[in-house]
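**Student:** Just to be clear, the model below is a prediction. Sequence and coordinates:
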Amino acid sequence: MVDMESIYLAIPLSSLAGAVIAGFFGKQIGRGGAHWVTIMGVGISFLLSLVVLKDVAFDGAAVYNQSVYTWMVSDGIRFEVGFLIDGLTALMMSVVTGVSLAVHVYTIGYMHDDDGYQRFFSYISLFTFSMLMLVMSNNFLQLFFGWEAVGLVSYLLIGFWFKRETAIYANMKAFLVNRVGDFGFLLGIAVVLMFTGSLDYYEVFDRADAMLDATMQVIPGVDWSVITLACILLFVGAMGKSAQVPLHVWLPDSMEGPTPISALIHAATMVTAGIFMVARMSPLFELSTTALSVVIVIGATTAFFMGLVGIVQNDIKRVVAYSTLSQLGYMTVALGASAYSAAIFHLMTHAFFKALLFLAAGSVIIAMHHEQDIRKMGGLKKYMPITYWVSLIGSLALIGFPGFSGYFSKDAILIATQNADIPGAGYAYLCVLLGVFVTAFYSFRMFFLVFHGSERMDKHTREHLHETPWVVTAPLIALAIPSVIILVFEDHGAMAAVGAAFHGSFNFVLHGFAGPAVYLAAAGVVAAWYLYLKKPEMAAQFKQKLALPYRILDNKYYFDRFNEIVFAATARGVGQVLWRLGDALMIDGLVVNGSARLVGWVSGVVRHVQTGYLNHYAFAMISGLILLLGWVVLG
C-alpha cells in the first residue's frame, strides 16, 4: 500500500529540491542541468498531485489532517507544519503544479538567451514550493509562511531584470501594496487566535461560535462584531494578494517581469491565493453577512471597472493583465454570494485559459522581437498558425463561449449572483453581467489587432516572422486542451450541484441561451470586429468624442496619482520629519556626535589635571587620602 503521507511530503519537497540545486549549483550544472532538474522536480510534484486528486476526488479517500512537524508550543498554542488534504487542496495542488510544469517547459524557449537562466528556473521552482505549502497547510502559521514566501518570490521575479528602472519600480510597488494587505491579514489571524486560542483550521472552525456573539472596540466607544472584523481583516489580505480594488494597482505594473512569470504567478496561481484563502475560511465568512457583503461589492467593482480599463490598453500583456483583474473580481463575487464552489471552479478554468493567453502573448512577443504594442502588429495569423489557434481557444474560453470551460464556470457565477440574497448582490449581478460584454470586447479587440487586419510591423520584423519553437508551442497546446474540455470534470467537480440542476452539460449550455450573457458576449465580439476590422476609423472617432472617459480609463481612474500624492508623498514627508528629528537631531546630533563632543569636552577639562609637577601629584594624593580616611571614620 502506498504511504500517502510520504507522497504529501514529496510533492512540495520535489520542487524545493529543484530550486535549491538550480540556485546553489547553477554554474556547475549549466543551463541544461538547471532546466532539467527543476522540470523533473515540478514534474514529480504534478504527477503525485494527480495521484492525490484521484485518491480524493474519485476514490473517496478520507480527509487527511495531520501535523508533520511541531516547531514550538507556547502558552498552549501549537506552531506546526501540517497538511490538510481534501478536495479543495487536491484541486489547487493539481492546478498549481500543472500550470507550473507548462511554464517551466515554455521558459526554455522564452529565456533561452538570458544571462540569468539558472536563477530564473530556481525562482520559479521555489515559487511552486511556496504555493504548495500555502494550499496544503492545515493551520494559519503555515498559511502565512506560504503567503509571504510567494510574495517574496514574486518580488524577485517582477524585478528579475533588475537593470531596468521600470522593473525595480514595479517590484517595489508590488511589495509595498502587498504589505498593506498582509498587515490586515496578520491582524485577522491575531483576532482569530485571540478568541479561539488556536491556529489549526479545524479547531478554529469548531470554536468559531466564540467569535459569533463577541464584540471588541477598535475605536473607543464603538463595538465591532469580532467575526465580522476577523473576516474583513482576512479579506484585506486577499484584496492585496488577489489584486482587488483599491489594492489592485500593483498587478498591471508586474508585467515588467518576464512573460512566464505573468502566466505562472500573476494569472494562474499566486493571485488566486486570496480566492483560495477565503474559500478555505468559508466556515468563518458564512457567519458574517456584513463581511460577505463587503466581499461581493469589492469583487463586482473590480470585475467591471478593471475590465473597462482593459479596453484602452495597447500593451499586449497589460490587456491580459487587466483581464486577470476582472476575472479575479468574478471569483470574488462568487465568494461573496456564498458560491464558493463556483469561485474555485472559475479559478481552475481561468488558471488554464489565462496562462494560455499569457504564454501565447509571449509567443507573439518573441516573434515580434520583443515588441508588445498591438498597434504595431496585425496579420500574424499566416505567420504563426499554432499561436493563432490557441489564442482563439483561450479568448473563447475567456469570454464564456458556450461549450468552452470558461462558459460553465462564468455562467455558474452569474446564476449564483442573480439568486444571492446578500446586500449588494443586485449591484454585483449588474456589474458581472455588463462585464461579459466588456470582456468579449477587449479580448477580441486584442485578438483582431494582433492576428487579423493589415500588417503594421516594420519591414525587418515582417521578413523574420515565423512560428515559435516547439518548447514554446507545446505548452500552449497542452494548456489549450483543458481550456476546452475541462467540462468533462463538471459532473464530478465543484459544480456538480449546478450541473445536476440542469441535467448535464448539454442542457447547461442550452440553458445559457435563455439568459442575456451569451448574447452580450456575442455583441462584444461583433462590436470589436466592426470597430477594429470593418470600420477602424470609427474607433479613432469614438476616442476623440469620448476624450474624457478615455483619459480617465487611460489614467486607470487616477489610482496611481492618488496613491502618489496622498500616500507616497505623505509617507516621504513623514519620513523626512522623522529623519530630521530622530536620525539627524536625536541619533546623529545627540547620541553619536553629541556623545563624542561630550567626551572631547570632558577630556579637555580632565587633561589639565596632568601637569607633570610632582608637588601637584603629591597634593592630589594627600587630599584623596584625607577624604578617604574621613569617609571611613565618619561612616
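**Tutor:** Thanks, I have the structure now. Given the structure is predicted, the values throughout are model-derived calculations rather than measurements.
**Student:** list the contacts for Phe183?
**Tutor:** Val236 (CB atoms under 8 Å, 6 or more residues apart in numbering). Yep, even glycine has a C-beta here, placed from its N, CA and C like the rest.
**Student:** Pull the number of nearby residues for Asp59.
**Tutor:** Using other CB atoms under 10 Å, Asp59 has 8 other residues around it.
**Student:** oh, I was asking about Gly33
**Tutor:** Gly33: 17 neighbours (other CB under 10 Å).
**Student:** just Leu627 next, same as before
**Tutor:** 10.
**Student:** Quick check: it is in a strand.
**Tutor:** No: using DSSP: H, G, I helix; E, B strand; the rest coil, the assignment for Leu627 is helix, not a strand.
**Student:** Need the pLDDT of Pro516.
**Tutor:** If you check Pro516, the pLDDT there is 89.
**Student:** and what of Leu47?
**Tutor:** Leu47 is assigned a predicted lDDT (pLDDT) of 95.
**Student:** swap in Gly504?
**Tutor:** 61.
**Student:** the helices in the stretch 301-450 of the chain, which residues?
**Tutor:** In the stretch 301-450 of the chain, the segments counted as helices under DSSP state H, counting those that start in this stretch are 316-336, 340-367, 385-399, 405-418, 425-451.
**Student:** With the stretch 451-600 of the chain instead?
**Tutor:** For the stretch 451-600 of the chain, the helices defined by DSSP H, counting those that start in this stretch cover 459-463, 470-485, 496-501, 505-512, 517-529, 536-545, 547-554, 559-562, 569-578, 593-606.
**Student:** Among these, which comes closest to Val103?
**Tutor:** helix 470-485 (7.1 Å; CB to CB).
**Student:** neighbours around the residue lying closest to Arg119 once chain neighbours are set aside, how many?
**Tutor:** Residue nearest to Arg119 in three dimensions, not counting chain neighbours: Gly26, with 6.7 Å by CB to CB, 6 or more residues apart in numbering. Using other CB under 10 Å, Gly26 has 20 neighbouring residues.
**Student:** Check the gap between Gly26 and Glu80 for me.
**Tutor:** Applying CB to CB, to the nearest Å, the value for Gly26 to Glu80 is 33 Å.
**Student:** likewise Gly32?
**Tutor:** Distance, Gly32 to Glu80, by CB to CB: 39 Å.
**Student:** the more surrounded of those two?
**Tutor:** Shown here are Gly32 and Glu80; by other CB under 10 Å, Glu80 has more neighbours (20 against 11).
**Student:** which SS class is the more buried one?
**Tutor:** Under three-state DSSP, Glu80 falls in the strand class.
**Student:** Might one say that it is in contact with Ser74?
**Tutor:** No: using CB atoms under 8 Å, Glu80 makes no contact with Ser74, being 11.9 Å away.
**Student:** quick one on the thing from earlier: least reliable of the helices of the stretch 451-600 of the chain by average pLDDT, please.
**Tutor:** Lowest mean pLDDT within these: helix 496-501, a mean of 50.
**Student:** all strands for the stretch 201-350 of the chain, in order.
**Tutor:** 215-219, 222-225 (DSSP state E, counting those that start in this stretch).
**Student:** by contact count, what packs against the first one?
**Tutor:** Using 3 or more CB pairs under 8 Å, 6 or more residues apart in numbering; DSSP states H and E as the contact criterion, the secondary-structure elements in contact with strand 215-219 are strand 222-225, helix 226-241.
**Student:** Let's have the helices of the stretch 301-450 of the chain in TSV, adding mean neighbour count, distance to Ala303 and mean pLDDT.
**Tutor:** Output for those, formatted as TSV (neighbours: other CB atoms under 10 Å; distance: least, CB to CB, whole Å; pLDDT from 0 to 100):
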stretch	mean neighbour count	distance to Ala303	mean pLDDT
helix 316-336	28	3	93
helix 340-367	27	11	90
helix 385-399	24	13	93
helix 405-418	26	9	89
helix 425-451	23	5	94
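**Student:** for those helices, which one sits closest to Gly512?
**Tutor:** Among those, the nearest to Gly512 by CB to CB is helix 405-418 (5.4 Å).
**Student:** got the angle for the closest one vs helix 425-451?
**Tutor:** 160 degrees (axes from the mean of the first three to the mean of the last three CA atoms, to 10 degrees).
**Student:** Just want the most central residue of this protein.
**Tutor:** Val271 (2.4 Å; CA atoms, centre = their mean).
**Student:** pLDDT wise, what is it at?
**Tutor:** On the pLDDT scale, Val271 is placed at 87.
**Student:** Surely it touches Ile265?
**Tutor:** Yes: with contact defined as CB under 8 Å, Val271 counts as touching Ile265 (7.2 Å).
**Student:** ok, back up a step: would you convert the helices of the stretch 301-450 of the chain into CSV that also reports distance to Lys535?
**Tutor:** Shown next, in CSV, are the helices of the stretch 301-450 of the chain (distance: least, CB to CB, whole Å):
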stretch, distance to Lys535
helix 316-336, 21
helix 340-367, 25
helix 385-399, 21
helix 405-418, 28
helix 425-451, 12
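**Student:** Looking at those helices, which is nearest to Tyr557?
**Tutor:** Nearest to Tyr557 among the helices of the stretch 301-450 of the chain is helix 316-336; the distance by CB to CB comes to 11.9 Å.
**Student:** helices and strands around the closest one, which ones?
**Tutor:** helix 250-253, helix 259-263, helix 273-280, helix 289-311, helix 340-367, helix 405-418, helix 425-451.
**Student:** wait, which of those is closest to Leu479?
**Tutor:** Closest approach to Leu479 among these is made by helix 340-367 (4.0 Å; CB to CB).
**Student:** how far off helix 385-399 does the closest one point, in degrees?
**Tutor:** Using the same axes, to 10 degrees: helix 340-367 against helix 385-399 is 150 degrees.
**Student:** tell me the angle helix 340-367 makes with helix 470-485.
**Tutor:** 150 degrees.
**Student:** For helix 340-367, name the packing helices and strands.
**Tutor:** Using 3+ CB pairs under 8 Å, 6+ apart, helix 340-367 sits against helix 87-110, helix 259-263, helix 273-280, helix 316-336, helix 385-399, helix 405-418, helix 470-485.
**Student:** chain center to that helix: distance?
**Tutor:** Its chain's average C-alpha position is 14 Å from that of helix 340-367, according to CA atoms, centre = their mean, to the nearest Å.
**Student:** cool, and stretch 414-434?
**Tutor:** Worked out by CA atoms, centre = their mean, stretch 414-434 lies 24 Å from the chain centre.
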